[in-house]
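> I'll drop the sequence and a predicted model, then ask my questions.
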Amino acid sequence: MKLSNIFKNGIFKENPVLVQLVGLCSVLAVTTTTVNGLSMGLAVTAVLLGSNIVISLMRNIIPDKIRIPAFIVVIATFVTLLEMFLNAYMQSIYNALGIFLPLIVVNCTILARAESFASKNSVVPSMVDGLGMGLGFTFAVTVLGIVREVFGNGTFLGGTDFVINVFGEAYPGAGILVAPAGAFILLGIFIAVFNVVLNKKKKTN
Amino acid sequence: MDMKETLRLGIILLLISAVAAGILAFSNEITGPIIAEREREEAFGAFLEIFPEADDFVEIDEDLLAEIQSTNGNINGVLEAKSGDQTIGYAFQVSAGGYGGAVNTIAGISTADNTVAGIRIGTHSETPNLGDAIEKPNFTDSYVGKTTTEKLVAVGSPSAENEVLSISGATISSFAVLSGVNDANDAYLRYFTDMEVEPIIEETEEEKQARFFNELFADADEFTPVEESVLDTIMADNRFVQEIFEANAGGEVIGYVFKTISGGYGGEIPVMTGINVDGTLTGIKVGANSETPGLGTKVEEADFTDSFVGKGTEEALVPVGTPSSDNEVQLISGATVSTDGVLYGVNGAREAFINLITQ
Amino acid sequence: MNLLTILVSTVFVNNYVFARFLGICPFLGVSQKTETATGMGLAVTFVITMASAITYLVYHSILDPLGIGYLQTLTFILIIASLVQFIELVIRKMSPSLYNGMGVFLPLITTNCVVLGVTIINIQDNLTFLDSVINGLGASLGFFLALILLAGVREKLELADVPEALKGVPIALVSAGLMSIAFSGFSGLV
């Protein structure tokens, strides 16, 4: 497959969140604000990139029978490295992601890519696949974060120095959107819309 | 899969894990100190807010800390606040159970006048927008300058030297902080001053029971349980009474002690009621319960229990704001369920008493 | 904390699916039929309860005293993977039909966020051993409850007239959202 196709695949046709429907736990919990969603997306992309590269490099060394545990060790190592790094240098993001940071280990996306792509392809395509999938994930969570924050809280980029009160300070916010229920419902609608758009594109192609 | 194969695979997996662990250990070497330093600064930050003139905070001697912790397990650490060579105060890191989990508090005490220099709230899991109001200055400031020589109490509008703020709607959280600070004050007086402090009484449950009996009937020399058949007859009609004892003085029965169990707000409340043979109450004792700390637990305090002394058994006892007549006892506002719980027990004792003397 | 309080809290008030967002993937994947949901729920309950106990012991007896707490994520997930492997073998030996019925969902328990999530929360909240195990039991019961409830709803949805775009996962998510609102009514219970 061409590299550019591999990349686009991760963002559209096989978008991990909106099409493959994996890794949803973190999607729902961490998308309460734009910054949180973006941070989670980038964190997952970082781990995905690292694990895809290492697993691809090691694909001929790891015996088939213990490949799943071996993948898990590699992924867990990258996640722990990320945990340490964020805790030391970017503490606000570390706190915002909370328990969902170590939970990246069980984000099905990463294990799925390791199993279906990185263990069967060379390093450069694996890297591009990781990047594509990671950015596809980031796209989905960031959009969700923006919608939930803007309509649920009335702010954009809250928690940073660039926060904007989109509807003015007095906007009480549709609290339901920031609550767990809203996340479920919004994600459901997002997936439905995304799939309709994809199918339309398929038909016109 | 044969043994050799399993072993080979196991070893490979072990190797991969070992390499991973090694990488993480290396990373920990680099990031660990940074994280530890930052956490220390954050902790120091709070200490500096309490003691602005301090330039260093030194941990007290390990053995001293161990001794303090053996008498009070809620004290996690003690630091000496120093300005130059002088010790200007002590910072106690305490924790107590709040609504959502442990509430960590730093209580600073000034050595100059033995008052609370200030408090800061550390990590906790109290309810956002409700219990976490304990972090706000209007709450923490209410502790500044308060005494350490008397037990602090939390009230709605603190004014006296020993009164601090209790946030309405967040009483449990407020109480968790209060409890921690009182522990710190006690430890401070006990170990860092020469003041006379009441020794910590380690009482077993048995010793406590014996003490209760004696406090109810000071003149009695013996307490004997009533005959089984008598107890059974009474318990058949009375769902609160569990045990009945005769109080004897010089071979003569001078009164009875009734042990009851009744339902309160947080669970069961055991009560002991002493009644003289002439039908007047000698008093009540409230045992271990799960009532709301600082609110329902007021039923254990003298202000409440004293109001039962000398009351009669002609009519059922009722709680009122200002008790005067023979059947009125003290109502605790804000703790009606706990008060009622105790009263079910005491009135149960009353009925048992009437039943007993008419036999 | 009172054990009953922990149970009620984890099953209803802080339900691991509806309030904490853990276990969503299998939640959506396995909730299509009540039979598979039941099998999954029971297996998960076993794994989580055992994992809570074992990870607690490993952390407090080995990792923490040796100062290698940073290996927590790695060791916990390996313990969970091993437990799942073990239960797979047991089920295969004891009931081949159940093993076949559950298919691929058995190994998927390893990637169930609730499992790893609970073990981490047990350590973070500094619970005692008994509290940790009860917390795990409560979390899995809450997950089980959520799973059964949604499975019931989805079986009915199959027969309903759902717009094409929303069919399948989207409408399941919307339903889950509505159930989440219902569960939020439990807050204030403990």
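Thanks, I have the structure now.

> low-confidence ranges, chain B, go.
For chain B, applying pLDDT under 70 flags the ranges B:1-2, B:40, B:43, B:200-202.

> domain ranges for it?
Domain segmentation of chain B under automatic domain parsing yields B:57-192, B:205-358.

> which strands or helices does the host helix or strand of residue C:172 pack on?
Using DSSP states H and E, residue C:172 sits in helix C:169-183. Using 3 or more Cβ pairs under 8 Å, 6 or more residues apart in numbering or on different chains; DSSP states H and E, the elements in contact with helix C:169-183 are helix A:180-204, helix C:24-30, helix C:129-158. Bear in mind the C-beta positions are built from the backbone N, C-alpha and C, glycine included.

> skip the chain neighbours and tell me the closest residue to residue A:44.
Of all residues not flanking residue A:44 in the chain, residue A:137 sits nearest, at 5.4 Å (Cβ to Cβ, 6 or more residues apart in numbering or on different chains).

> equivalent analysis for residue A:99, please.
residue C:120 (5.8 Å).

> try residue A:11
Computed as Cβ to Cβ, 6+ apart, the closest residue to residue A:11 that is not its neighbour in sequence is residue A:136, at 4.1 Å.

> so the one you found belongs to a helix, correct?
Yes: applying DSSP: H, G, I helix; E, B strand; the rest coil, one finds residue A:136 inside a helix.

> can you list the weak-confidence ranges in chain A?
Along chain A, the model assigns pLDDT under 70 to residues A:1, A:22-23, A:158-175, A:204-205.

> residue of chain C closest to chain B, please.
Nearest to chain B, among the residues of chain C, is residue C:70, at 5.0 Å (Cβ to the nearest Cβ).

> give me every residue in chain C lying close to chain B.
Residues of chain C lying close to chain B (Cβ under 8 Å from any Cβ of the partner chain) are C:1, C:68, C:70, C:71, C:74, C:78, C:125, C:126.

> ok, the last one touching residue B:97?
So that's residue C:126. No: using Cβ atoms under 8 Å, residue C:126 is not in contact with residue B:97; the gap is 11.6 Å.

> show me which of the two is the more surrounded one.
Legend: neighbour count by other Cβ atoms under 10 Å in any protein chain shown for residue C:126 and residue B:97, higher for residue B:97 (16 against 11).

> any idea how far that one lies from chain A?
22 Å (Cβ to the nearest Cβ, to the nearest Å).

> that residue contacts residue B:176, doesn't it?
Yes: using Cβ under 8 Å, residue B:97 is in contact with residue B:176, at 6.1 Å.

> which residues do these two both contact?
residue B:103 (Cβ atoms under 8 Å, 6 or more residues apart in numbering or on different chains).

> name the nearest residue to residue B:306, ignoring sequence neighbours.
Ranked by Cβ to Cβ, 6+ apart and with sequence neighbours excluded, the top spatial neighbour of residue B:306 is residue B:283, at 7.5 Å.

> could you do residue B:179 as well?
Computed as Cβ to Cβ, 6+ apart, the closest residue to residue B:179 that is not its neighbour in sequence is residue B:96, at 4.2 Å.

> so that neighbour: helix, strand or coil?
Assigned with three-state DSSP, residue B:96 falls in the strand class.

> what's across from it in the sheet?
residue B:103 (DSSP bridges).

> and for it, the neighbour number?
Using other Cβ under 10 Å, residue B:96 has 20 other residues around it.

> that one reaches residue B:74, doesn't it?
Yes: using Cβ under 8 Å, residue B:96 is in contact with residue B:74, at 5.8 Å.

> anything in contact with each of those two?
Common neighbours of residue B:96 and residue B:74 (criterion: Cβ under 8 Å, 6+ apart): B:179, B:180, B:183.

> what's the closest of those to chain A?
So of those, ranked by how close each gets to chain A (Cβ to the nearest Cβ), first place is residue B:180, at 24.0 Å.

> which residue, other than its chain neighbours, is closest to that closest one?
Once flanking residues are discounted, residue B:180 sits nearest to residue B:94: 3.7 Å by Cβ to Cβ, 6+ apart.

> which residue does chain B have closest to chain C?
Residue nearest to chain C within chain B: residue B:28 (5.0 Å; Cβ to the nearest Cβ).

> let's verify that residue: helix, strand, or coil?
Using three-state DSSP as the criterion, the local structure at residue B:28 reads helix.

> contacting residues around the residue nearest to it when sequence neighbours are not counted?
In this structure, residue B:28 finds its nearest non-sequential neighbour in residue C:70, 5.0 Å apart by Cβ to Cβ, 6+ apart. Neighbour list for residue C:70: A:80, A:83, A:84, B:24, B:27, B:28, B:32 [criterion: Cβ under 8 Å, 6+ apart].

> for the last one, give its distance to residue C:72.
Just to be clear, that refers to residue B:32. Going from residue B:32 to residue C:72 by Cβ to Cβ, to the nearest Å gives 14 Å.

> okay, those two: which has more neighbours?
residue C:72 (21 against 17).

> verify the assumption that the more buried one is located in a strand.
No: read with three-state DSSP, residue C:72 is helix and lies in no strand.

> and the next element down the chain from the lowest-mean-pLDDT helix or strand in chain C?
Every helix and strand of chain C was ranked by mean pLDDT, DSSP states H and E. The lowest is helix C:24-30, at a mean of 65. Downstream of helix C:24-30, the next assigned helix or strand under DSSP H and E is helix C:34-58.

> pull out the buried positions in that following helix.
C:34, C:36-37, C:39-41, C:43-56, C:58 (16 or more other Cβ atoms under 10 Å in any protein chain shown).

> now that helix: mean pLDDT?
For helix C:34-58, mean pLDDT rounds to 83.

> so what does it touch, helix or strand wise?
Using 3+ Cβ pairs under 8 Å, 6+ apart, helix C:34-58 sits against helix C:24-30, helix C:72-94, helix C:96-102, helix C:113-124, helix C:129-158.

> tell me which of these is the most buried.
Greatest average neighbour count among those goes to helix C:113-124 (a mean of 25), per mean count of other Cβ atoms under 10 Å in any protein chain shown.

> how about the strands in chain A?
Assigned by DSSP state E, chain A shows strands spanning A:155-156, A:164-165.

> break down the chain into its helices, ranges please.
Just going to use chain A. Assigned by DSSP state H, the helices in chain A fall at A:3-11, A:24-30, A:34-57, A:67-89, A:91-97, A:108-113, A:123-153, A:175-178, A:180-204.

> wait, I meant chain B there
Remark: helices assigned in chain B by DSSP H are B:3-50, B:62-71, B:137-140, B:171-192, B:205-216, B:228-237, B:302-305, B:336-357.

> chain center to the third one, what's the gap?
Remark: helix B:137-140 is offset 22 Å from the chain centroid, using Cα atoms, centre = their mean, to the nearest Å.

> burial count for the one residue in the stretch 51-200 of chain B that gets nearest to chain A?
As assessed by Cβ to the nearest Cβ, chain A sits closest to residue B:123 within the stretch 51-200 of chain B, at 11.6 Å. Residues lying near residue B:123 (other Cβ under 10 Å) number 9.

> excluding chain neighbours, what is closest to it?
Closest residue in space to residue B:123, ignoring its immediate chain neighbours: residue B:104 at 5.1 Å, by Cβ to Cβ, 6+ apart.
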